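Enquirer: return atomic coordinates for the entry below.
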Amino acid sequence: MNWQKFVKEVKRVVRESRYKNQVLIEKFKRRMNKHIWRKILEVDQPPRSINQWYEQEMNLDKHWRKSKREKTKLSGRNNVQGWKPAIITIEEVRQRLLLP
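Expert: Sure, this is the predicted structure:
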């Protein structure tokens, strides 16, 4: 499952929970890719809402994947080394966010 699908599942789970915005942001930050997390924090105006975090994360993930595909094309390889598509269930989403 790519991050766009992951975020979609997270949004669904969040709707079912009763967490407040800041708690959701903290839980989301703990579970996201640390490199992307750092890049988001390095921007001039870091996101303030959970929706802004979702958007920033998906945008950076999309660019990272695109750069990996370009790198693969330029190097003549057929696949991105070290990358495997994640398969995640809704239960894993709940566990990663420490939701009941």
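Enquirer: in this structure, what secondary structure element scores lowest on mean pLDDT?
Expert: helix 90-96 (a mean of 73; mean pLDDT, DSSP states H and E).
Enquirer: could you say what helices and strands that one packs with?
Expert: In terms of contacts (3 or more C-beta pairs under 8 Å, 6 or more residues apart in numbering; DSSP states H and E), helix 90-96 is packed against helix 3-16. From N, CA and C alone the C-beta is placed, and that goes for glycine too.
Enquirer: quick one, what contacts Leu24?
Expert: Taking C-beta atoms under 8 Å, 6 or more residues apart in numbering, we find Leu24 in contact with 14, 50.
Enquirer: measure how the longest helix anywhere in the chain sits relative to helix 3-16, angle-wise.
Expert: Ranked by number of residues, the top helix in the chain under DSSP state H is helix 50-75. Inter-element angle recorded for helix 50-75 and helix 3-16: 160 degrees (by axes from the mean of the first three to the mean of the last three C-alpha atoms, to 10 degrees).
Enquirer: can you give me the buried ones in helix 50-75?
Expert: 50, 53-54, 56-58, 60-61, 64 (16 or more other C-beta atoms under 10 Å).
Enquirer: and if you look at stretch 21-40?
Expert: Neighbour-count burial for stretch 21-40 [16+ other C-beta under 10 Å]: 24-25, 27-28, 32, 36-37, 40.
Enquirer: quick check: the two most widely separated of those?
Expert: Farthest pair in the buried residues of stretch 21-40 (C-beta to C-beta) is Leu24 and Ile36. Separation: 17.0 Å.
Enquirer: tell me which residues touch the residue nearest to Glu9 when sequence neighbours are not counted, please.
Expert: Spatial nearest neighbour of Glu9, chain neighbours left out: Val93 (4.7 Å); criterion: C-beta to C-beta, 6 or more residues apart in numbering. By C-beta under 8 Å, 6+ apart, Val93 lies in contact with 6, 9-10, 13.
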